[in-house]
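In: Sequence and predicted structure, then a few things I'm wondering about:
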There are 2 protein chains.
Amino acid sequence: MPKRLFAIVVIHLLIIGPANISNASAAADDAAANSEWRQPDPENTVYLDTPEGRIVIELNTRFAPATVKQFKRLIREGFYDGLRFYRVIDGFVAQGGDGSDLDQELTQPTLPAEFEHTTNGLNFVSAQKGDLFADETGFIDGFPAALDTETKTSWLTHCPGTVAMARNNEPDSGSTDFYIVIGQAPRYLDRNLTVFGRVIHGMDIAQKINRGPSNANGIIENSDAQTSMLKAKVAADLPAEQRLNIKVMSTNHQSFTELMDSRRNRTHEFFHHRPPAVLDVCQVPIPVEIN
Amino acid sequence: MPKRLFAIVVIHLLIIGPANISNASAAADDAAANSEWRQPDPENTVYLDTPEGRIVIELNTRFAPATVKQFKRLIREGFYDGLRFYRVIDGFVAQGGDGSDLDQELTQPTLPAEFEHTTNGLNFVSAQKGDLFADETGFIDGFPAALDTETKTSWLTHCPGTVAMARNNEPDSGSTDFYIVIGQAPRYLDRNLTVFGRVIHGMDIAQKINRGPSNANGIIENSDAQTSMLKAKVAADLPAEQRLNIKVMSTNHQSFTELMDSRRNRTHEFFHHRPPAVLDVCQVPIPVEIN
C-alpha cells in the first residue's frame, strides 16, 4: 500500500504549477492583476545572509514608506552587517538590529508610526470575513492584511514571516531594531507596530536562528550564541546576474483566488470531517518560484 | 535610552515565575488543579533525539489510547531509531516514521481513528468562544483543544508542536508515520487525524529539521538531507537520574487562567491600539521549566 499521507493537503499547490511565469519588468505592479506570477521589485527586495543561509525579504513601500526608506539606507551603509539576532523567542519573534547591548544609545533617527493605511484605492483581496482579530482579512499587494470596515482602515497582519520594526512604548520610537515573526501569528500586535516587509524565501533559515531562554525574555547574553546577520543587501545593488530569480504568485490573480478557495473548501475524500469553510489569512502560503 | 522593545509582550510570563514547583508524583493528575506546576508522567513522555538536539513529547492517553499504546511499543522495539523526517514542509509539518520510501509496505497494524472525545467528564478550561474553527477553544489535560457545544464533542487542536499520526484516505489507516506541526496552526486538519502528543520542549530543535522542496510536497529524495531520529525513548525506561526534570504549568491552575487573561487583555501602555480581547488557543504558550 503506497503511503500518500499528506499529499492531499497540498495537492492544490502542485496543480497550480509554475505556468505562465511573467518576464514583465519589476515595476509592472499595476499589471499584477493580469499576471499569475510577479517579480518583486529588486529595489524593494533584501537579501539577509546568515551563517545558516539567506533570508529574502520583500519590503512594503505602500504601508511603510518612511521605515522602508531608512531600512534601505541603513542596509546600504552596512549598518546591519555583523549585527546579531540577540532576542529570539521560539514560537514568537527573532529580533536584532542595533547591537546586542540593550542599553545602547540610539544612533539613528526614530521613525514615525506606520501602523495603518486607509483602504481607499487599495485592491483588497478578501480571504475571510469575521476573522477573530478583524472585520475582514485578505491580501494587499501580496501581503497578508486586515481591515476595519467601519473606519476604512487597513493594516498588514502579523503572520509567520512578517518583518516589523521594534519600538519602545512610544508609537514613534522605532529606529533600527526589527523582528521576524517565527511562530504562530501574534495578531494582537497588529496596528501596534510598523510591518514593513515579509520573508518571501528562506523561512526555514529564519527558523534556524538560535533561540534565547524563555525565562529571560529571549535575550541571548552570550554573543557567540547569537545568530549573525553576516550581510544585508538590497537586490537592486547587485549585478543582475547575482540576483535571485524569484517569482511570487500574485495575490491579485485568479490562480491565487482558486488557491484560497481550495484551502477554504476541503472536498477531498481525505476529509472525513469536513472542516468549516474558513481561512486563517496567516495559513495561506503564497507560492514562490526561485531559480 | 534603554531599549526594552518586546519586554512588555512577555512580561506576564516573567511575573509568574517558577514558584511553587510541585514534587508530587507524576501520577497525581487528579491533583493538578491544586498545583501550579505538574510533572508529566514519564510513562507518557518521549525523548526524540536528533542530530540537532532533543525533542520532548508528552503523549495523550485520554484522547488517543490506542495510538499512544502502539507508538510506545514501537519506541520500545527501537522501530523509530535511525528513521528520518522525509517529508518536511516549512510552515506546516515535519513527517517521518516508517522509512523514506513512500511505496514501503506497512509492517505494523493500522490504528483506529481517535479524532474526537465526548466532553462528558472533561475539565475544559476555556480560552475563547467563537473561534474561527470551533464553537469554543481551550485546554484539556494541558493540551490545546476545541469543542462542539451541540454534539458535546471535543478534540485536540492542530497547533505548533502538535504531534499526530499521518494516514491515508481511510480514517483508520494510520500506523507508524507521524508528524510534528512546525508552522501556523493547520486547524483544518482538526478532527481528521489522531493527535496523540505535544512537543513540550525542543520546538527550536523541531524547527531545525531539514525542509523538503515545496514544489515536491516536501519530499526529501536524498536521504542524507533528511534529519534523522537518532533514538526515541520513553522517559520511564531511563534511570531516574537520566530523566529530564520538566515541570509544565498546569492549565487547570489559576496561574494559567491569569496568564490567559493577561494575553487576552493587553492593558500595557505599549498597546497604542488596544487589541480585541480574544485569544488564539494556539498562540498561548504553556510555560515549562526544565533543569
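Out: Yes, it's here.
In: Which stretches in the stretch 51-200 of chain A count as strands?
Out: With DSSP state E, counting those that start in this stretch as the criterion, the stretch 51-200 of chain A has strands at A:53-59, A:84-88, A:93-96, A:117-118, A:125-129, A:136-140, A:143-148, A:153-156, A:162-165, A:178-181, A:194-201.
In: So the fourth one, near chain B or not?
Out: Okay, so that is strand A:117-118. No - on the criterion C-beta under 8 Å from any C-beta of the partner chain, strand A:117-118 is out of touch with chain B, staying 13.6 Å away. Glycine gets a C-beta too; all of them are placed from N, C-alpha and C.
In: Who are the packing partners of that strand?
Out: Here strand A:117-118 touches strand A:153-156, going by 3 or more C-beta pairs under 8 Å, 6 or more residues apart in numbering or on different chains; DSSP states H and E.
In: can you list contacts of the strand it packs on?
Out: Residues outside strand A:153-156 that contact it (C-beta atoms under 8 Å, 6 or more residues apart in numbering or on different chains): A:60, A:63, A:115-119, A:122, A:124, A:140, A:143-148, A:162, A:190-191, A:195, A:198.
In: Which members of these are classed as buried?
Out: A:60, A:63, A:115-117, A:119, A:122, A:124, A:140, A:143-147, A:162, A:190-191, A:195, A:198 (16 or more other C-beta atoms under 10 Å in any protein chain shown).
In: And the residue nearest the centre of chain A?
Out: Note on chain A: the residue nearest the mean C-alpha position is A:Arg198, at 1.9 Å, using C-alpha atoms, centre = their mean.
In: List the beta-bridge partners for that residue.
Out: A:Glu58, A:Thr162 (DSSP bridges).
In: Pretty sure it sits against A:Val163.
Out: Yes - look at A:Arg198 against A:Val163 with C-beta atoms under 8 Å: they come within range, at 6.2 Å.
In: Overlap in contacts, those two.
Out: With C-beta under 8 Å, 6+ apart, A:Arg198 and A:Val163 have common neighbours A:Ile57.
In: my guess is A:Glu43 is in a helix, correct?
Out: Yes - under DSSP: H, G, I helix; E, B strand; the rest coil, A:Glu43 falls within a helix.
In: where does the nearest residue to it once chain neighbours are set aside fall, helix, sheet strand or coil?
Out: Computed as C-beta to C-beta, 6 or more residues apart in numbering or on different chains, the closest residue to A:Glu43 that is not its neighbour in sequence is A:Ala236, at 4.4 Å. In three-state terms, and counting by three-state DSSP, A:Ala236 is helix.
In: Just give me the neighbour total for A:Ala236.
Out: 14 (other C-beta atoms under 10 Å in any protein chain shown).
In: What number of neighbouring residues does A:Arg266 come out with?
Out: By other C-beta under 10 Å, 19 other residues sit near A:Arg266.
In: Out of the strands of the stretch 51-200 of chain A, flag the one nearest B:Lys72.
Out: Among those, strand A:84-88 comes nearest to B:Lys72, with 33.4 Å by C-beta to C-beta.
In: Show me what that closest one is in contact with.
Out: Contacts of strand A:84-88 (C-beta under 8 Å, 6+ apart): A:93-96, A:99-100, A:179, A:182, A:209-212, A:217-220, A:223, A:226-229, B:5-6.
In: Could you pick out the buried ones from those?
Out: A:93-96, A:99-100, A:179, A:182, A:209-212, A:217-220, A:226-229, B:5-6.
In: contacting residues for the nearest residue to A:Val56 once chain neighbours are set aside?
Out: Take A:Val56 and drop its neighbours on the chain: the residue closest to it by C-beta to C-beta, 6+ apart is A:His201, 4.0 Å away. Taking C-beta under 8 Å, 6+ apart as the criterion, A:His201 is in contact with A:54-56, A:244, A:246, A:288, A:290.
In: can you do 10 Å?
Out: A:40, A:45, A:47, A:53-58, A:161, A:244, A:246, A:248, A:288-290 (C-beta atoms under 10 Å, 6 or more residues apart in numbering or on different chains).
In: cool, A:Thr267 as well?
Out: Contacts of A:Thr267 (C-beta under 10 Å, 6+ apart): A:Arg274.
In: and stretch A:171-188, how far from the chain's centre?
Out: In terms of C-alpha atoms, centre = their mean, to the nearest Å, the centre of stretch A:171-188 is found 11 Å from the chain centre.
In: can you tell if that stretch touches chain B?
Out: Yes - against chain B, stretch A:171-188 shows contacts by C-beta under 10 Å from any C-beta of the partner chain at A:171-177, A:179, A:181-188.
In: So for that stretch, what gets flagged as buried?
Out: Buried residues in stretch A:171-188, counting neighbours by 16+ other C-beta under 10 Å, are found at A:171, A:173-188.
In: picking that back up, where's the residue nearest to the centre of chain A relative to A:Glu58, distance?
Out: The gap separating A:Arg198 from A:Glu58 is 5 Å, by C-beta to C-beta, to the nearest Å.
In: any common contacting residues for the two?
Out: The contact sets of A:Arg198 and A:Glu58 overlap at A:40, A:141-143, A:161, A:163, A:248 (C-beta under 10 Å, 6+ apart).
In: just curious, which of those residues is nearest to A:Glu77?
Out: Nearest to A:Glu77 among those, with distances taken as C-beta to C-beta, is A:Val163, at 18.8 Å.
In: Please name the nearest non-neighbouring residue to A:Met165.
Out: Going by C-beta to C-beta, 6+ apart, A:Met165 has A:Gly174 as its nearest residue, at 3.8 Å.
In: give me phi/psi at A:Glu258?
Out: Backbone geometry at A:Glu258, expressed as degrees, to the nearest 10, gives phi -70, psi -40.
In: Where do the helices of chain A begin and end?
Out: A:11-16, A:65-76, A:203-206, A:254-264 (DSSP state H).
In: Pull out the buried positions in the second one.
Out: To tie it back to what came earlier, the one meant is helix A:65-76. Residues A:66-68, A:70-72, A:74-75 are the ones in helix A:65-76 that count as buried (16+ other C-beta under 10 Å).
In: Can you check what pLDDT the model gives A:Asp29?
Out: On the pLDDT scale, A:Asp29 is placed at 48.
In: How about the contacts made by the spatially closest residue to A:Leu106 that is not a sequence neighbour?
Out: Excluding the flanking residues, the one nearest A:Leu106 by C-beta to C-beta, 6+ apart is A:Ser175, at 5.1 Å. Each residue near A:Ser175 by C-beta under 10 Å, 6+ apart is listed here: A:67, A:70, A:74, A:97-98, A:106-111, A:165-168, B:1, B:3.
In: Assess the claim that A:Val195 and A:Glu114 are in contact.
Out: Yes - taking contacts as C-beta atoms under 10 Å, A:Val195 lies within contact range of A:Glu114: 8.3 Å.
In: what do these two both touch?
Out: A:60, A:63-64, A:67, A:155-156, A:164-165.
In: any low-confidence regions in chain A?
Out: A:1-34, A:99-105 (pLDDT under 70).
In: give me that answer again for 80
Out: Along chain A, the parts satisfying pLDDT under 80 run over A:1-34, A:98-106.
In: still on that earlier bit, OK, contacts around the residue nearest to A:Met165?
Out: For A:Gly174, the contacting residues are A:64, A:66-67, A:70, A:97, A:108-114, A:164-168, A:193-194, A:196, B:5, by C-beta under 10 Å, 6+ apart.
In: A:Val234 too?
Out: Contacts of A:Val234 (C-beta under 10 Å, 6+ apart): A:42-47, A:59, A:71-73, A:75-76.
In: ok, so of those residues, who is nearest B:Phe271?
Out: Once C-beta to C-beta is applied, the member of those that ends up nearest B:Phe271 is A:Phe71, at 23.8 Å.
In: and the gap between the nearest residue to that closest one once chain neighbours are set aside and chain B?
Out: Using C-beta to C-beta, 6+ apart and skipping the chain neighbours, the partner closest in space to A:Phe71 is A:Phe196 (6.5 Å). Distance from A:Phe196 to chain B, counting by C-beta to the nearest C-beta, to the nearest Å: 16 Å.
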